[in-house]
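1. Here is my input; please provide its structure:
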Amino acid sequence: MEIFGYIGALLIGLVLGLTGGGGSMLTVPILVYILAINPVIATAYSLFIVGTTSVFGAFDNYRKGLVDFQKGFLFAIPSFIGVYLTRRFLVPIIPNEIITINYFTLTKGTFLMLFFALIMFLAAFSMLKKKKEINNSIETSKLNLIIQTFFIGIVIGLVGAGGGFLIIPSLVLFAKLPMKKAVGTSLFIIAMNSLIGFLGDVENLTINWFFLLSFTAISVLGIFIGSYLNKFINETQLKKGFAYFVLVMACFILFKEML
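-> Below is the predicted model of the structure:
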């Protein structure tokens, strides 16, 4: 199973390189379902793995002129504040057993995974529906984006995701970035969100650094492969494929948790 886990690490980087997001949607299930890591620890590890991998992907896209730093910082600053506060203060106070009804007990780990699946469903549908015209003024749009990305940060913090599956729809629909530029900018935002969020976990958890660094190194290799393959994929197909990928992963997590 450990071998399958490390193959999964390569796939995480590959998906991040191709889509600018979605890596965390593989990371958490691989850590939880294949490597049998506790979901709370898995969400913390996911932040480090996806964040570090995204640093390399963002730099590669920067060299290609595919990172919009102005819009990237507009999204990153409020969201990484939300991520850090959530990992540092909110996640530790969630009880291990949230509610018990008859023979069913909703644990902290199950809650986080089900919440993860729900957010993924919403993100997929937002990418698949037709783009609507936005009539807000520039000032109102920026304010809405700041508020929206702060709450995206809270969600990212809860599920241990890099947030590409939430950030990319916002960059495409609201910031009006082309899909490939949204991919590069998303990696920049994910890197900031994830690594700052992980700092909130360092004081709360015991980290297996050998495993974490070796797993991350393989994922970094995958992102360079994915970034190279990205050049040969049509932008419309990439957007639709990304949305369906998110949908499939959400169904898989829901199926596993409801068994």
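2. so where do the helices sit in the stretch 51-200 of the chain?
-> Counting by DSSP state H, counting those that start in this stretch, the stretch 51-200 of the chain has helices at residues 69-85, 91-93, 108-128, 138-159, 164-173, 179-202.
3. Next secondary structure after the longest one?
-> Downstream of helix 179-202, the next assigned helix or strand under DSSP states H and E is helix 209-230.
4. got a list of contacts for that next one?
-> 5-6, 9-19, 23, 45, 48-50, 52-54, 56-57, 60-61, 180, 183, 238 (Cβ atoms under 8 Å, 6 or more residues apart in numbering). Glycine gets a C-beta too; all of them are placed from N, C-alpha and C.
5. where does this protein dip in pLDDT?
-> Residues of the chain meeting the criterion pLDDT under 70: 20-24, 130-142, 161-162, 165, 235, 239.
6. Now for the closest residue to Lys181 other than its chain neighbours, how many residues are close by?
-> What sits nearest to Lys181 in space, not counting adjacent residues and going by Cβ to Cβ, 6 or more residues apart in numbering, is Leu66, at 5.2 Å. When neighbours are defined as other Cβ atoms under 10 Å, Leu66 has 22 of them.
7. Identify the residues contacting Leu66.
-> 180-181, 183-185.
8. Mind giving me the PyMOL command for buried ones among those?
-> For anyone working in PyMOL, the buried entries among these, judged by 16 or more other Cβ atoms under 10 Å, can be selected with:
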select buried, resi 180+181+183+184+185
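9. now the contacts of Leu66 as a markdown table including distance to Phe150?
-> What follows is the contacts of Leu66, written out as a markdown table (distance: Cβ to Cβ, whole Å):
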| residue | distance to Phe150 |
| --- | --- |
| Lys180 | 26 |
| Lys181 | 23 |
| Val183 | 23 |
| Gly184 | 23 |
| Thr185 | 18 |
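10. with the contacts of Leu66 in mind, which one is nearest to Ile156?
-> Thr185 (15.8 Å; Cβ to Cβ).
11. gap between the two ends of stretch 223-242?
-> Chord length of stretch 223-242, first to last residue, is 16 Å (Cα to Cα, to the nearest Å).
12. mind listing what's buried in that stretch?
-> Here stretch 223-242 shows 223-224, 226-227, 230, 238-239, 242 as buried, counting by 16+ other Cβ under 10 Å.
13. quick check, distance from that stretch to the centre of its chain.
-> 17 Å (Cα atoms, centre = their mean, to the nearest Å).
14. Apart from its chain neighbours, what residue comes closest to Gly17?
-> Nearest non-adjacent residue to Gly17 (Cβ to Cβ, 6+ apart): Gly226, at 2.0 Å.
15. Relative to Leu177, how far out is that neighbour?
-> 19 Å (Cβ to Cβ, to the nearest Å).
16. likewise Trp209?
-> Relative to Leu177, and taking Cβ to Cβ, Trp209 is found at 36 Å.
17. higher neighbour count, these two?
-> Leu177 (21 against 9).
18. residues in contact with the closest residue in space to Leu177 that isn't next to it in sequence?
-> Once flanking residues are discounted, Leu177 sits nearest to Leu171: 4.7 Å by Cβ to Cβ, 6+ apart. By Cβ under 8 Å, 6+ apart, Leu171 lies in contact with 71, 75, 177, 182, 185-186.
19. Gln148: which of these is nearest?
-> The closest of those, once distances to Gln148 are taken by Cβ to Cβ, is Phe75, at 8.9 Å.
20. That closest one: what's it in contact with?
-> 145, 149, 167, 170-171, 175, 185, 189.
21. Give the buried residues for stretch 251-259.
-> Buried, per 16+ other Cβ under 10 Å, within stretch 251-259: 253-254, 257.
22. Among those, which ones are in helices?
-> Per DSSP state H, helices hold the following members of the buried residues of stretch 251-259: 253-254, 257.
23. can you put the residues you listed in JSON lines and add distance to Thr107?
-> Listed next are these as JSON lines, based on distance: Cβ to Cβ, whole Å:
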{"residue": "Ile253", "distance to Thr107": "15"}
{"residue": "Leu254", "distance to Thr107": "16"}
{"residue": "Glu257", "distance to Thr107": "10"}
